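Asker: Quick one: sequence and predicted model below, then my questions.
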Amino acid sequence: MGRLRKRLNTLAHVDLTGSVREIEQLTGIPKSSVARLLNDKTELQELRDIQRQELIQQWQRSALESIGESKKLKARTKGEAILNAAIASDKIIAIENPPNAQKQQINIGDNRQLVVNLHKSLKGLVRK
């Protein structure tokens, strides 16, 4: 019981946006335990969702700013605008367009990836 409480406390204070393997490396908790706790505890699931949303919002804010700056630099393509957005952020090192144009793959500095729906207003800014 004490070990479970320690693991829950540890998981409540770390970044849960990555994969189970990444969380295992961060905390030292076996990935089977991490997966079980993330699936069983709704509080941890909610915390993970909140952290992911905050990360996406941070990216969107920095992308909007840098896309505005890239307009000043007259980015000629969507790719150039997205690349400028990626460079402007501290955490994000690359943004890629997978075959499905509705999604953007964001490569974050610590080797994690998120695939998110690009906000409609942001898509409009990128296309211009």
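Answerer: On my side now, so go ahead. Residues are numbered from 1 along each chain as shown.

Asker: When you work out contacts or count neighbours from here on, use the C-alpha atoms and nothing else.
Answerer: OK.

Asker: Apart from its neighbours in sequence, what residue is nearest Arg21?
Answerer: Lys31 (5.9 Å; C-alpha to C-alpha, 6 or more residues apart in numbering).

Asker: Which residues are in contact with the one you found?
Answerer: By C-alpha atoms under 8 Å, 6 or more residues apart in numbering, Lys31 lies in contact with 20-21, 23-24.

Asker: What distance do you get for it to Arg48?
Answerer: 16 Å (C-alpha to C-alpha, to the nearest Å).

Asker: Leu64 too?
Answerer: 24 Å.

Asker: Trp59 too?
Answerer: With C-alpha to C-alpha as the criterion, Trp59 and Arg48 are 17 Å apart.

Asker: And Val14, by the same measure?
Answerer: Val14 is 10 Å from Arg48, by C-alpha to C-alpha.

Asker: The two: who's more crowded?
Answerer: Taking neighbours as other C-alpha atoms under 10 Å, Val14 and Arg48 compare with Arg48 leading, 20 against 12.

Asker: and this protein, what are its domains?
Answerer: 2-40, 66-127 (automatic domain parsing).

Asker: And the shortest one, end to end?
Answerer: I take that to be domain 2-40. Per C-alpha to C-alpha, the first residue of domain 2-40 is 18 Å away from its last.

Asker: Stretch 25-44 now?
Answerer: 18 Å.

Asker: Let me see the ranges of the strands in the chain.
Answerer: 92-96, 103-108, 112-117 (DSSP state E).

Asker: where does Val116 land on pLDDT?
Answerer: Listed pLDDT for Val116 reads 47.

Asker: Leu4 too?
Answerer: On the pLDDT scale, Leu4 gets 81.

Asker: Kindly report the same for the one 4 residues further on.
Answerer: Looking at Leu8, its pLDDT reads 83.

Asker: Find the nearest non-adjacent residue to it, please.
Answerer: Nearest residue to Leu8, sequence neighbours excluded (C-alpha to C-alpha, 6+ apart): Leu37, at 7.8 Å.
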